[in-house]
Each structure stands twice: as structure tokens, then as C-alpha cells.
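> Take this sequence and fold it.
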Amino acid sequence: MEATDKKAAILLGLMVAIACCANAQTTCNMTYTQLMSCKPAATLPNPPSPTSACYMGLLHAGLKCFCQYKNSTILPSIGVDPKLAMEIPSKYKIPHAPTC
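Numbering: from 1, shown residues only. Below is the predicted model:
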């Protein structure tokens with residue numbers, strides 16, 4: 001195998017590994033995909049109801065963990081209204097909604 005072919009094979013393998021495992025990172029026991037499915041419900045001006053994917057993610061989330069983001073600048077920097085985000089669990093009757 002030529003050096004170029006080896007580099008291409010390594011690059012392809014790396015790309016597959018990244019694509020495969022990109023969703024493995026979690027925040028408060030929710031995957032990136034689950035978090036992003038909740039984003040519209042926490043975005044002004046007219047947030048829709050959370051999707052079923054958001055709801056299912058929140059059922060298994062460490063909801064108390066989200067309290068650390070309540071006053072963070074991270075949420076507004078990605079277009080999420082912290083107040084709306086914190087209302088989602090109780091507004092949609094998700095068990096064990098945090099009070100923080």
C-alpha cells in the first residue's frame with residue numbers, strides 16, 4: 001500500500017469513528033441529539049411544545065444537573081432562553097422536575 005493510500009485509509013477510519021461516536025457525549029445524562037430536540041421548546045419568541053424525542057430524553061435525564069446552567073451564559077449564547085428551558089420539565093409534567 002502506498003503512503004497516500006495508507007493516509008486515506010486512516011483518515012476514512014477516523015471519520016467513521018468520529019461519526020459513530022459523536023453522539024456518545026452527554027450532558028446531564030442526555031445526548032447531544034436529545035438536547036437539540038429540546039432546543040425549539042426553549043427558544044423565543046414562540047416556542048413549540050417539546051418533541052417526543054425531547055420528552056423521552058428528559059425522562060432519563062439528571063434534571064437536577066441542569067440547575068448549574070440556569071444562570072450560565074452558555075444557554076443564551078446558543079439561542080436558548082434559560083427560563084424557558086427550566087420550565088420544560090414541570091410544564092410538561094415530567095416526573096421529578098428540579099426546583100432550583
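> can you tell me which residue is nearest the centre of this protein?
For the chain, the residue nearest the mean C-alpha position is Leu35 (2.2 Å; CA atoms, centre = their mean).
> and that one, helix, strand or coil?
The local conformation at Leu35, judged by DSSP: H, G, I helix; E, B strand; the rest coil, is helix.
> Any figure for the gap between it and Thr27?
Computed as CB to CB, to the nearest Å, the Leu35 to Thr27 distance reads 6 Å. Every C-beta, even on glycine, is put in place using the N, C-alpha and C of the backbone.
> Also Ser52?
From Ser52 to Thr27 the distance is 20 Å (CB to CB).
> got a list of what the closest residue to Gly57 other than its chain neighbours touches?
Excluding the flanking residues, the one nearest Gly57 by CB to CB, 6 or more residues apart in numbering is Gln34, at 3.0 Å. Gln34 is in contact with 53-54, 56-58, 61, counting by CB atoms under 8 Å, 6 or more residues apart in numbering.
> what's around the residue nearest to Ile78 when sequence neighbours are not counted, how many residues?
Excluding the flanking residues, the one nearest Ile78 by CB to CB, 6+ apart is Lys39, at 7.7 Å. Look at Lys39: counted by other CB atoms under 10 Å, it has 17 neighbours.
> cool, and Asn46?
Neighbour count of Asn46, defined by other CB under 10 Å: 6.
> So His96 sits against Gly62, correct?
No. Using CB atoms under 8 Å, His96 makes no contact with Gly62, being 9.8 Å away.
> picking up where we left off before, who has more neighbours, Ser52 and Thr27?
Thr27 (14 against 9).
> what's near enough to touch the more buried one?
Applying CB under 8 Å, 6+ apart to Thr27 gives the contacts 35, 65.
> wait, is Lys44 part of a helix?
Just so we're on the same page, residue 44 is Leu rather than Lys. No. Leu44 is assigned coil when assessed by three-state DSSP, not a helix.
> Quick one: residues contacting it.
Neighbouring residues of Leu44 by CB under 8 Å, 6+ apart: 81, 84.
> Roughly how far does it sit from Leu75?
For Leu44, the distance to Leu75 - CB to CB - is 12 Å.
> what do these two both touch?
Counting by CB under 8 Å, 6+ apart, the contacts common to Leu44 and Leu75 are Asp81.
> All good on my end, thank you.
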